[in-house]
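> Just to be clear, the model below is a prediction. Sequence and coordinates:
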Amino acid sequence: MSINAKTMLQLEHVGFSYSSGIGLFGGTRIPALKDVSFAVREGETLGLIGRNGCGKSTLLRIMTGIFKADTGRVVRNCNRISLLSLGVAFDRLLSGSDNLILSCMLLGASRKEALAMHDDIVAYAELEDFIDQPVKTYSSGMKARLGFAVGMQMQADLILIDEVLGVGDARFRKKATETMRERVKSDQSVLFVSHSMPTVRSLCTRVIWLEQGRIHMEGEVDEVVNAYETFMQDARGVGSGLRAKGRSPSK
């Protein structure tokens, strides 16, 4: 990646909160993201790490436009952004084949182009025997394979990957990881969310650590990952000590 690489997507002081849904007027607002600013540059694989509930998936949905930020702004300098996530885009009542075509079209392909890619996507996802079944019958691994295959075939300008490499059987995970490595070598722009620090180390060129809806640290892969792993080890140690004394970590 060049030092002067084009900025594909930029977040400027982004904030977002959910409604608790409790109470006569919708309840209180629960902050998920607070003053988040960073850029994804052309050709880089940017890692996004953090504990469950820190705001990673919410951030990806704001980047794609599924959610609208409450504060700040998102500047998109690319045409196609593909979000690979288990919980996004598929209609459970439609078949895998119908979802495949719709997903391609949502990413900018025409119906004719989607149909032309159909068989290659099905073959890569290894779903030939299940592609005409409704997605509600799919396992999480099958949905991950289909979503990943669509995203890889579509050649999006920016790919956002939310943990899908960690789902499914070991053989497919290996194939998906190798495909990602090939994309990284070809200067594909990627934002990669994962709890697997070895995978983050092997794929990413820069890392952001999100903690409680804020950027806690940003920088070189080893520096950020080492700090995060130390933090997590300390947090587990505190939790184990409290449980041994019969106390909850939240008290």
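That came through, no problem.
> neighbouring strands for the helix or strand of the chain with the lowest mean pLDDT, and are they parallel or not?
Lowest mean confidence among the helices and strands of the chain (mean pLDDT, DSSP states H and E): strand 81-85, at a mean of 81. Applying DSSP bridges, strand 81-85 is found paired with strand 158-162 (parallel).
> Next SSE downstream of the partner strand?
Counting by DSSP states H and E, the next helix or strand C-terminal to strand 158-162 is helix 170-185.
> could I get that following helix in PDB with only the CA atoms?
Taking Å, rounded to 0.1, in the frame of the first residue of the first chain, the C-alpha atoms of helix 170-185 are listed here in PDB:
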ATOM      1  CA  ALA A 170     -11.900 -26.200   9.200                       C
ATOM      2  CA  ARG A 171     -11.400 -27.000   5.500                       C
ATOM      3  CA  PHE A 172     -13.600 -24.200   4.300                       C
ATOM      4  CA  ARG A 173     -12.000 -21.800   6.800                       C
ATOM      5  CA  LYS A 174      -8.700 -22.600   5.300                       C
ATOM      6  CA  LYS A 175      -9.900 -22.100   1.800                       C
ATOM      7  CA  ALA A 176     -11.600 -18.700   2.700                       C
ATOM      8  CA  THR A 177      -8.400 -17.500   4.500                       C
ATOM      9  CA  GLU A 178      -6.300 -18.400   1.400                       C
ATOM     10  CA  THR A 179      -8.700 -16.500  -0.800                       C
ATOM     11  CA  MET A 180      -8.400 -13.500   1.500                       C
ATOM     12  CA  ARG A 181      -4.600 -13.700   1.400                       C
ATOM     13  CA  GLU A 182      -4.800 -13.600  -2.400                       C
ATOM     14  CA  ARG A 183      -7.100 -10.500  -2.200                       C
ATOM     15  CA  VAL A 184      -4.600  -8.800   0.200                       C
ATOM     16  CA  LYS A 185      -1.800  -9.400  -2.300                       C
END
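> sorry, back to before: just want the angle from the least confident helix or strand of the chain to helix 170-185.
160 degrees (axes from the mean of the first three to the mean of the last three CA atoms, to 10 degrees).
> now strand 81-85, how far from the chain's geometric center?
Centre-to-centre, strand 81-85 and its host chain are 7 Å apart (CA atoms, centre = their mean, to the nearest Å).
> what do you get for stretch 56-70?
Distance of stretch 56-70 from its chain centroid, counting by CA atoms, centre = their mean, is 11 Å.
> Repeat that for stretch 224-236.
Taking mean C-alpha positions (CA atoms, centre = their mean), stretch 224-236 and its chain are 21 Å apart.
> List the buried residues for it?
For stretch 224-236, the buried set under the neighbour-count rule, 16 or more other CB atoms under 10 Å, comprises 224, 225, 228. Every C-beta, even on glycine, is put in place using the N, C-alpha and C of the backbone.
> What are the contacting residues of the host helix or strand of the last one?
Same thing as residue 228. Using DSSP H and E, residue 228 sits within helix 221-244. Helix 221-244 is touched from outside by 47, 49-51, 197, 200-201, 204-209, 217-218, 248-249, with contacts defined as CB atoms under 8 Å, 6 or more residues apart in numbering.
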